[in-house]
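In: only geometry, no sequence info:
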């Protein structure tokens, strides 16, 4: 939409309309027994008072964006230069990116309980202060580069004055767009329900009435002089989406809403263990049978079969969030370590096999456009490595929606985007718990946002997952959940005297002990901490760096330093806390064989190891009875 003309007419009509009194929710955790209010950042988009926006086009104001056509060679990410200015510049002026471009059309579809509509249909995708450009205040003009991703619609750029609290729109650019806004983008691999199945999920603008989604794939065969490709197979993809009506509250139902497009998932089955495969996503157009392809062909290595002995390397972290490479929104210091962690993992792609992101993914908090931004950020990882996720409070929690915590941390999303945008092998996608067999590992991924106590469906799942693993062949048993159901010396847990979520380990520690869980991972607390092997709040050994012999306790790890604002510890260090680090980082597990495991904590800033331990253990060491691990024996002959 350009300056003047239709834009001004629409703006004038809107100016006469009643301004909606919308409840714009911030991104901070609502305070509960387990929420870090003092440390929580606010979603930057929530700082914009969209409901108070006015439109007063200034004759001297202008915004120009180049190039006008993006992705001419099939790119899904492009840089755009935005030039702007006017005769009365202010330090409160800011530039916003809107998509769709017609964001003041007068057709904002709000829930009927609101008597009017906002002058702006939606919050922007991102924004930057105009004086980010040097000498803007002095010269009254500036230039900023924004990075855009293909999000199925056109874009426009707007110049506002009056700050974020009382914004006034004074100029809008002409729309710009990608050559094919509907193109399939950002593939996301995940292991299926069996070890010989890999899934790929992606986003596009194609409904099934317009095109048939599929993945073309095959085995990379060894050949003299390099690899060759076998004859490709094609597997159809299922298609899902969600609507504004699927959201549970605002801002997800109001100014945070943005159409998510269509999410497609295809299954590549009967894979040979450890073989390399190639794939490419595409859509066959119904109109003429032609195919619209994703931008490139990717490769991945099939998972090992359960129990198979080979080098197996696993990455675990939580609470990463997203950030903008163009510097927009960064003044909010929302997820300051997000790009560091992403880049560290991208740089090390050849040295791990599967990723577990245990909750709190983009921290979109009801601003649905941020899910696209997050899938784009992690796409270099997810396109080639299975990326397994868990449900966090910022994905799921919303009052009166069946969750275990009656708080507003999801911004009204109530789990819907997470459950749709990513595949995970759960029996019920709304019940976010599942198991993964990866060679010598068994992962039991729980959902800390639903009740885990004895008698619940999740408790039954956890016990079944832990009890059905064959430890002769899968010796490394890992439990993971978002909230700390084990131990953390984080300041707010310590203040409550529990060092955990209420009723966390009290409900589960007998299961961990009975089935001899090696490591239990948690996020939610934004730092790193490792305990000694523990049972009932007691260290079962004084060793800290090398464990061997009888297994008599579980090591608890907080790995929530993926990128979000960091959390404080209590000043008094508990006796069970072996190592603490208030920094951004992730954990790597390396299984060399059935009796040797290496644990490493790495910082995102340099990828170096700052904490580690080894486990050397034979099968008989797992079988030996320790406290609460075996039934009483009998002397009967």
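Out: Yep, it's here. What you are looking at is a predicted structure, and each value in this text was computed from that prediction instead of being measured.
In: mind listing the strands in the stretch 451-600 of the chain by residue range?
Out: 476-481, 519-522, 528-535, 538-539, 546-548, 554-559, 577-581, 585-591, 596-603 (DSSP state E, counting those that start in this stretch).
In: can you list the strands that the last one pairs with?
Out: Looking at strand 596-603 with DSSP bridges, its partner strands are strand 585-591 (antiparallel), strand 609-616 (antiparallel).
In: give me whichever of the ones you listed is most buried.
Out: Compared across those, strand 585-591 shows the largest average neighbour count, a mean of 23 (mean count of other CB atoms under 10 Å). (C-beta placed from N, C-alpha, C; glycine too.)
In: tell me which residues are up against that one.
Out: 311-317, 341, 344-345, 352, 439-441, 476, 478, 519, 521, 528, 557, 559, 561-562, 597-604, 610 (CB atoms under 8 Å, 6 or more residues apart in numbering).
In: please pick the buried ones from the residues you listed.
Out: 312-317, 341, 344-345, 352, 439-441, 476, 478, 519, 521, 528, 557, 559, 561-562, 597, 599-604 (16 or more other CB atoms under 10 Å).
In: for residue 132, give me its contacts.
Out: 142, 144, 327.
In: again, 10 Å this time
Out: When contacts are counted by CB atoms under 10 Å, 6 or more residues apart in numbering, residue 132 touches 94-95, 142-144, 326-328, 330-331.
In: in strands, which of those residues appear?
Out: Cross-referencing the contacts of residue 132 against strands under DSSP state E gives 94-95, 142-144.
In: possible to save those as TSV with distance to residue 197 and pLDDT?
Out: Formatted as TSV, the ones in strands among the contacts of residue 132 follow (distance: CB to CB, whole Å; pLDDT from 0 to 100):
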residue	distance to residue 197	pLDDT
94	47	97
95	46	98
142	52	96
143	49	97
144	45	97
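In: can you tell me which of those are buried?
Out: 94-95, 142, 144.
In: which one among the residues you listed gets closest to residue 167?
Out: residue 94 (7.7 Å; CB to CB).
In: how about that closest one: which residues does it bridge to?
Out: residue 129, residue 160.
In: list the contacts for it?
Out: 48, 124, 127-132, 158-164, 167, 328.
In: recalculate using a threshold of 7 Å.
Out: Residues near residue 94 by CB atoms under 7 Å, 6 or more residues apart in numbering: 127-130, 160.
In: follow-up on the earlier one: looking at the buried ones among the ones in strands among the contacts of residue 132, spot the one nearest residue 250.
Out: Distances from residue 250 to these, taken by CB to CB, are shortest for residue 94, at 22.5 Å.
In: for residue 524, see how far away that closest one is.
Out: 32 Å (CB to CB, to the nearest Å).
In: adding distance to residue 420, write the contacts of residue 132 out as a markdown table.
Out: Listed next are those as a markdown table, based on distance: CB to CB, whole Å:
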| residue | distance to residue 420 |
| --- | --- |
| 94 | 32 |
| 95 | 31 |
| 142 | 39 |
| 143 | 38 |
| 144 | 33 |
| 326 | 27 |
| 327 | 30 |
| 328 | 26 |
| 330 | 28 |
| 331 | 31 |
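In: which one of the residues you listed is nearest residue 488?
Out: residue 330 (28.2 Å).
In: using TSV, please lay out the buried ones among the ones in strands among the contacts of residue 132 together with distance to residue 188.
Out: What follows is these, written out as TSV (distance: CB to CB, whole Å):
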residue	distance to residue 188
94	32
95	31
142	37
144	30
